[in-house]
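Engineer: Sequence below, structure please.
(2 chains)
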Protein chains: 2
Amino acid sequence: MEKIVAWMSAVGFAFAGSVALAQQKPEDIIKYRQSALFLMGQHFGPLAAMAQGKIPYDKESAARNAAVVEYMSKLPWESFPSGTEQGNNTKAKREIWSNKDDFKAKADKMQAEVGKLAQVARGSDFDALKAQVGEAGKACKACHDEYRNK
Amino acid sequence: MEKIVAWMSAVGFAFAGSVALAQQKPEDIIKYRQSALFLMGQHFGPLAAMAQGKIPYDKESAARNAAVVEYMSKLPWESFPSGTEQGNNTKAKREIWSNKDDFKAKADKMQAEVGKLAQVARGSDFDALKAQVGEAGKACKACHDEYRNK
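Structural biologist: Okay, here's the model as predicted:
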């Protein structure tokens, strides 16, 4: 436990999410971030589909999905400590740990865009929603392009 | 998509969580519930450890973890539609689908206990927290005993 807490400090993130990490095994830490990111993606999917006209715009659905996306966007960032570069079929690239400042900047950017998305989704302006889905998607992609293996 | 929506209706749950499901493949639906339940467990862990005296009681950590547990407790229940009995190494027992009312009752009970847990954890009464961790744990276990394979 102490070892993992030391890893947490080494990463130097502001751990907004939780304190689950202190008891976790590296495998579970990897699974934790995968789970949070997967849930985020699953809830972003319907928003992207609405923005692309693949499913009808539904205000209530958009608002609920965006709220979950925003919630999930806060969870994964404590779960990239040193010592979790490998295991559980992680797609995380080594550059996450060699380029921490940029990784954190991209994570912060994504959280900011997703926060705006949740705000816009509570309204009824579909064009604004479409635009913000685009911004949020770009912020997701920027990190995936750089830091996630295929 | 229409097929999955039909499954949703067939299950007859009140889908409090989200509308992610409409676009999901069965494999992803299974992964969805696994992810939400895994995150819930990871955040319940520190609360159980505090209750058992394995880690020191920390009010802020308890409150944050319990809040995430409560949030996660609302997500999985839309992701047990018919058609997701198999796949992705699911531990779900068939009885979930043959005994839907009892499964739903146990899920509701868990959510109620976990809601109380989040409330208690915002306070400073460690004995009350311990007691409610016990109640929440029992509610989790009741469902696992009946509906989850080892």
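Engineer: buried residues in stretch A:58-78?
Structural biologist: A:61-78 (16 or more other CB atoms under 10 Å in any protein chain shown). The C-beta positions use only the backbone N, C-alpha and C, and glycine is treated the same way.
Engineer: overlap between those and the residues near chain B?
Structural biologist: A:61, A:64-65, A:68, A:71, A:75 (CB under 8 Å from any CB of the partner chain).
Engineer: So which of those residues are in strands?
Structural biologist: Per DSSP state E, strands hold no members of those.
Engineer: Mind checking which of these land in helices?
Structural biologist: Using DSSP state H, the members of those that fall in helices are A:61, A:64-65, A:68, A:71.
Engineer: Could I get those in CSV, plus columns for pLDDT?
Structural biologist: Converted to CSV, those look like this (pLDDT from 0 to 100):
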residue, pLDDT
A:S61, 97
A:R64, 97
A:N65, 97
A:V68, 98
A:Y71, 98
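Engineer: from those residues, which is closest to A:A51?
Structural biologist: A:N65 (11.5 Å; CB to CB).
Engineer: coming back round to it: farthest pair within the ones in helices among the ones next to chain B among the buried residues of stretch A:58-78?
Structural biologist: Across these, no pair lies farther apart than A:S61 and A:Y71, at 15.9 Å, counting by CB to CB.
Engineer: Quick one: residues contacting the residue nearest to the spatial centre of chain A.
Structural biologist: Chain A has A:S73 as the residue nearest its centroid, 4.0 Å off, counting by CA atoms, centre = their mean. Going by CB atoms under 8 Å, 6 or more residues apart in numbering or on different chains, A:S73 touches A:40, A:110-111, A:114-115.
Engineer: Go again with 6 Å.
Structural biologist: Going by CB atoms under 6 Å, 6 or more residues apart in numbering or on different chains, A:S73 touches A:40, A:111, A:114.
Engineer: May I see these arranged in TSV, with secondary structure as well?
Structural biologist: Below are the contacts of A:S73 laid out as TSV (DSSP: H, G, I helix; E, B strand; the rest coil):
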residue	secondary structure
A:M40	helix
A:Q111	helix
A:V114	helix
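Engineer: Now pLDDT and distance to B:N149 too, for those residues, in JSON lines please.
Structural biologist: Shown next, in JSON lines, are the contacts of A:S73 (pLDDT from 0 to 100; distance: CB to CB, whole Å):
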{"residue": "A:M40", "pLDDT": "98", "distance to B:N149": "28"}
{"residue": "A:Q111", "pLDDT": "98", "distance to B:N149": "37"}
{"residue": "A:V114", "pLDDT": "98", "distance to B:N149": "36"}
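Engineer: that older thread, closest to A:Q86 out of the ones in helices among the ones next to chain B among the buried residues of stretch A:58-78?
Structural biologist: The closest of these, once distances to A:Q86 are taken by CB to CB, is A:Y71, at 28.3 Å.
Engineer: Apart from its neighbours in sequence, what residue is nearest the closest one?
Structural biologist: B:Y71 (6.3 Å; CB to CB, 6 or more residues apart in numbering or on different chains).
Engineer: so A:S124, which of the three states?
Structural biologist: Per three-state DSSP, A:S124 ends up coil.
Engineer: Now do the helices in chain A.
Structural biologist: Using DSSP H, the helices found in chain A span residues A:2-11, A:26-51, A:59-73, A:95-98, A:100-121, A:126-147.
Engineer: hey, least reliable of these by pLDDT?
Structural biologist: Across those, helix A:2-11 has the smallest mean pLDDT, namely a mean of 34.
Engineer: Stretch A:37-50: which residues count as buried?
Structural biologist: Buried residues in stretch A:37-50 (16+ other CB under 10 Å): A:37-40, A:42-50.
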